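# Got a sequence here, can you model it:
(one chain, ligands or ions: 1)
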Amino acid sequence: MWLVAVSVPLIPVVIVAFSRYGGLFTALCHRALAWTHRVLLRRKVCVRSTHAYVFSNCTHGKVDSVLETFDLYGNTHPSLSISPQMSAVLDEAVMRVRPSLVLELGMHCGYSSVRLLRLLPPAGRLVTVEVDPVTAELGEEILLVAGFKHSQFQVLTSSSARAIPTLRLHVGADKGASEGFGLVLMDHDPQQYLPDLIALEREELLSPSGCTILLINRTQRHGDVGDVVAHVSGRSDFYSVRSEHCFMVEIVYCRKPTNVL
Ligand SMILES: C[S@@+](CC[C@H](N)C(=O)[O-])C[C@H]1O[C@@H](n2cnc3c(N)ncnc32)[C@H](O)[C@@H]1O
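Presented below is the predicted three-dimensional model:
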């Protein structure tokens, strides 16, 4: 009873405070929620658990079943696989570009690798880079479970910075490798996006006739991909920003004029 007596006079104060500082309060709540989500995700995402669930619940050899099982896992567990929204944008880009050689930086358990591989043309190939050895091994197994063969993909266990200078060697044997990568998906460490893009260009690994670079922005803060956007905006002779979603930026690199008469 005393609690009600104390609380009732406070109600108008709370209403006035909320109407004045409601925006600030909501923004603080959003930030607190985002922070909690990040902390929980960091603590609980478990590549072994993701792998074990997908391995034992999907139909081996069926790509769609592998993807559906990943999605089911993601509905009930923290997961680092790209979201359905990101997946839709990724699929659309791959179907539009039809790249024959794709580079992925940040493989994790192989979800986005499977999405990419299933849309490549028959002679298409994926090179995927993962810094953590256990994750790389488990991710590679998922690609095999989905039915892909080693002739279609290569997993490099390395940091992106170390892998990029060796990529020419790894793709050298490919037909059309002199063209470089037609699509690059970056979903590893946003602080590496710009140095890695610069290194890929320096090593002449981006196809001069057109390379699509997709940057996943998990924090949805513009600042996290802003340096890359600023870099490419200042190089409008070779680069253009094709689309900018809050969760993904698509950049196009092209050195050759497409309509030579
Ligand atoms: C967000 S997860 C990638 C998720 C994956 N694209 C998917 O949708 O299934 C990021 C991965 O990048 C790896 N990683 C982080 N920094 C890296 C780096 N510098 N080079 C290579 N891999 C890196 C992490 O170990 C992690 O497995």
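
# number of nearby residues for residue 76?
8 (other Cβ atoms under 10 Å). For every residue, glycine as well, the C-beta is placed using N, CA and C.

# Please report how far it lies from residue 145.
For residue 76, the distance to residue 145 (Cβ to Cβ, to the nearest Å) stands at 20 Å.

# how about the residues of the stretch 101-250 of the chain near the ligand?
When proximity is defined as Cβ under 6 Å from any ligand atom, the stretch 101-250 of the chain approaches the ligand at 105-106, 108-109, 111-112, 129-132, 135, 159-160, 187-189, 192.

# Just the ones in strands from those, please.
105, 129, 130 (DSSP state E).

# ok now do the last one, which residues does it touch?
Put plainly, it is residue 130. 106, 107, 108, 136, 139, 155, 156, 157, 158 (Cβ atoms under 8 Å, 6 or more residues apart in numbering).

# Point out where the protein drops to low pLDDT.
1-20, 22-43, 172-178, 257-261 (pLDDT under 70).

# Do a quick rundown of the strands in it.
101-105, 125-130, 153-157, 183-186, 211-216, 239-244, 248-253.

# and the third one, what other elements does it pack with?
The one in question is strand 153-157. In this structure, strand 153-157 packs against strand 125-130, helix 133-145, with contacts taken as 3 or more Cβ pairs under 8 Å, 6 or more residues apart in numbering; DSSP states H and E.

# buried stuff in the last one?
This points to helix 133-145. 135, 136, 138, 139, 140, 141, 142, 143, 145 (16 or more other Cβ atoms under 10 Å).

# Switch those residues over to JSON lines, and while doing so, append distance to residue 219 to every line.
As requested, the buried residues of helix 133-145 are exported to JSON lines (distance: Cβ to Cβ, whole Å):
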{"residue": "135", "distance to residue 219": "21"}
{"residue": "136", "distance to residue 219": "24"}
{"residue": "138", "distance to residue 219": "25"}
{"residue": "139", "distance to residue 219": "23"}
{"residue": "140", "distance to residue 219": "28"}
{"residue": "141", "distance to residue 219": "29"}
{"residue": "142", "distance to residue 219": "26"}
{"residue": "143", "distance to residue 219": "27"}
{"residue": "145", "distance to residue 219": "31"}
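
# which one of the residues you listed sits closest to the ligand?
residue 135 (4.8 Å; Cβ to the nearest ligand atom).

# my guess is the closest one meets residue 111, correct?
No - the criterion here is Cβ atoms under 8 Å, and residue 135 misses it with residue 111 at 12.0 Å.

# What is the nearest of the ones in strands among the residues of the stretch 101-250 of the chain next to the ligand to residue 238?
When those are ranked by distance to residue 238 (Cβ to Cβ), residue 105 comes first, at 20.1 Å.

# ok so, going back, quick one: the strands of the chain as a markdown table, columns for distance to residue 233 too.
Formatted as a markdown table, these follow (distance: least, Cβ to Cβ, whole Å):
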| stretch | distance to residue 233 |
| --- | --- |
| strand 101-105 | 22 |
| strand 125-130 | 26 |
| strand 153-157 | 30 |
| strand 183-186 | 17 |
| strand 211-216 | 14 |
| strand 239-244 | 7 |
| strand 248-253 | 10 |
